[in-house]
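Novice: any chance you could fold what I've pasted below:
(one chain, ligands or ions: 2)
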Amino acid sequence: MNLNNVDLILTAGLTSQLPGVMSSDIPHVAFCGRSNVGKSSLINKLLGRKKLARVSSEPGKTITINCYDIDGQLYLVDLPGYGYAKRSFSEREKWKSLIDKYFSVEAQRLYLQLVDLKVGLTKDDEEMLKFLIIEDLPFAIVATKADKLNQTNRKACLERIEKHELVPEDAVVIPFSALTGEGVEEIWTILNEFCSFIKENTETEDSES
Ligand code: GTP
Ligand code: MG
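Specialist: Numbering: from 1, shown residues only. Ligands and ions are numbered 1, 2, ... in the order given. As a prediction, the model looks like this:
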């Protein structure tokens, strides 16, 4: 995958803009998490860019779904964050209708559920996780802003996430820092495995039909 060949192909603030320019053949990695947890920073770090995905000075300011096309092989989908207390009712409704529409678009998807390592799972994170589990959607957890903790606290915080009653025993939890780059390789390994899996399955289906 050529990481220099990256395009922001969609900034959707309206349900009518989905699926829009997204091809149904390309697998998606969707980034879920509350506002300010570090979704856009993670996308930038994965792509080795500083400012491709807009990092908010003010959390939850824009409610859009941003889709990055990576070399025509993978979409990275930056979902609008949840849990922003200052959001109005109509903004929350907008968030919900956009997310509902995104989930209804047919695609092979892997979800990266971001959780702030220091904060742990919030009530909203728990709701999101419950949804992923109930819908049987494949996900990995990325524990963000790992640089904010010293070794002792970090171990305790990581365990708190891993042992949370909603987190399945075999769930992957990857500590990540956009500042130090910790976790980037592990996350790319997961994304590459996901792409290979989808490719193999599509090829098998094609040869069977
Ligand atoms: P929304 O787009 O509002 O949903 O937020 P987001 O989840 O995309 O978060 P974003 O990447 O914009 O980061 C929010 C804030 O956290 C910014 O001020 C970032 O600089 C900061 N931040 C993100 N990742 C890290 C990290 O790994 N370590 C530290 N210390 N700060 C981070
Ligand atoms: Mg963002």
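
Novice: list the contacts for the residue nearest to residue 171 when sequence neighbours are not counted?
Specialist: For residue 171, ignoring the flanking residues on the chain, the nearest one in space by C-beta to C-beta, 6 or more residues apart in numbering is residue 141 at 6.0 Å. For glycine as for every other residue, the C-beta is placed from the backbone atoms N, C-alpha and C. Residue 141 sits next to 112, 113, 114, 115, 161, 167, 171, 172, 173, 174 when contact means C-beta atoms under 8 Å, 6 or more residues apart in numbering.

Novice: spatially nearest residue to residue 14, not counting backbone neighbours?
Specialist: Closest to residue 14 by C-beta to C-beta, 6+ apart is residue 98, at 7.8 Å.

Novice: give me the beta-bridge partners of the residue most central in space within the chain?
Specialist: Ranked by distance to the mean C-alpha position of the chain (C-alpha atoms, centre = their mean), the top residue is residue 31 at 1.2 Å. In this entry, residue 31 is beta-bridged to residue 78, residue 112, by DSSP bridges.

Novice: hang on, it packs against residue 81?
Specialist: No. Counting by C-beta atoms under 8 Å, residue 31 stays clear of residue 81, with 9.4 Å between them.

Novice: what separation do you get for residue 81 and residue 199?
Specialist: According to C-beta to C-beta, to the nearest Å, residue 81 stands 31 Å off from residue 199.

Novice: more neighbours, these two?
Specialist: Of the pair residue 81 and residue 199, residue 81 is the one with more neighbours under other C-beta atoms under 10 Å, namely 26 against 13.

Novice: okay but that one is in contact with residue 34, surely?
Specialist: Yes. With contact defined as C-beta under 8 Å, residue 81 and residue 34 form a contacting pair (5.2 Å).

Novice: circling back: for the residue nearest to residue 14, what are its contacts?
Specialist: Neighbour list for residue 98: 12, 13, 14, 15, 18, 63, 64, 65, 80 [criterion: C-beta under 8 Å, 6+ apart].

Novice: now do the SS call for it.
Specialist: Three-state call for residue 98 (DSSP: H, G, I helix; E, B strand; the rest coil): helix.

Novice: thank you kindly, that will do.
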